[in-house]
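kindly return the folded structure for what I paste below:
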Amino acid sequence: MCETERHQRLVDACAGLPEVVAEGGRHIRFVVRGKTFVYYLDDHHGDGRIAVCCKVPPGDQETLVAMDPERYYLPAYLARYGWISLRVDLPAVDWDEVSELVVDSYRLVAPKRLAAVAAEAHLAWGRYSPKLLEEVF
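Model (predicted):
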């Protein structure tokens with residue numbers, strides 16, 4: 001998968017969530033009401049990796065890195081705030097897993113009402129559903 005396709009897959013996963021704004025070029029940050037919930041990092045500080053960086057619930061960082069250290073790593077500067085990075089430059093990327101991380105991060109960062117709407121849409125469909133969100137708003 002080329003960089004443009006990876007980039008677009010992440011944009012698609014984030015853009016349908018309520019009130020999300022994407023900012024940046026090579027490195028993109030996705031924001032809800034002024035709070036960042038996802039970064040797309042391309043060779044961040046010369047680390048040679050392309051990754052999605054998200055906030056995760058307490059305790060998940062250690063579990064994810066221990067489960068698969070080739071794909072998951074603790075991001076510079078953000079790890080101490082509960083963030084994890086998932087490499088999307090490897091041959092096999094599970095985009096459903098990426099979407100799960102995106103929605104979970106959104107729910108941790110977004111205002112409670114928006115987080116609840118995203119959670120409801122996610123539970124109703126087994127994944128994030130733009131159609132259900134349209135019905136709510």
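
quick one: the strands in this structure, in order.
Using DSSP state E, the strands of the chain run over 20-24, 28-32, 35-42, 50-55, 72-73, 83-87.

who does the shortest one pair up with?
Strand 72-73 has its sheet partners listed here by DSSP bridges as strand 83-87 (antiparallel).

so how far is the strand it pairs with from its chain's centroid?
9 Å (CA atoms, centre = their mean, to the nearest Å).

same deal with stretch 11-24?
Put simply, stretch 11-24 sits 10 Å off its chain's centre (CA atoms, centre = their mean).

now that stretch: buried residues?
Neighbour-count burial for stretch 11-24, counted by 16 or more other CB atoms under 10 Å, picks out 13, 14, 16, 17, 18, 20. Every residue, glycine included, has its C-beta placed from N, CA and C.

nearest to residue 57, of the residues you listed?
Lowest distance from residue 57 to these (CB to CB) belongs to residue 17, with 17.7 Å.

and the spatially closest residue to that closest one that is not a sequence neighbour, what does it touch?
For residue 17, ignoring the flanking residues on the chain, the nearest one in space by CB to CB, 6 or more residues apart in numbering is residue 106 at 5.3 Å. Residue 106 sits next to 14, 17, 20, 32, 37, 38, 114, 115, 118 when contact means CB atoms under 8 Å, 6 or more residues apart in numbering.

quick one on the thing from earlier: need the buried residues of stretch 11-24 in a markdown table (columns: pLDDT and distance to residue 71).
Listed next are the buried residues of stretch 11-24 as a markdown table, based on pLDDT from 0 to 100; distance: CB to CB, whole Å:
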| residue | pLDDT | distance to residue 71 |
| --- | --- | --- |
| 13 | 81 | 17 |
| 14 | 83 | 20 |
| 16 | 77 | 24 |
| 17 | 87 | 23 |
| 18 | 87 | 29 |
| 20 | 91 | 24 |
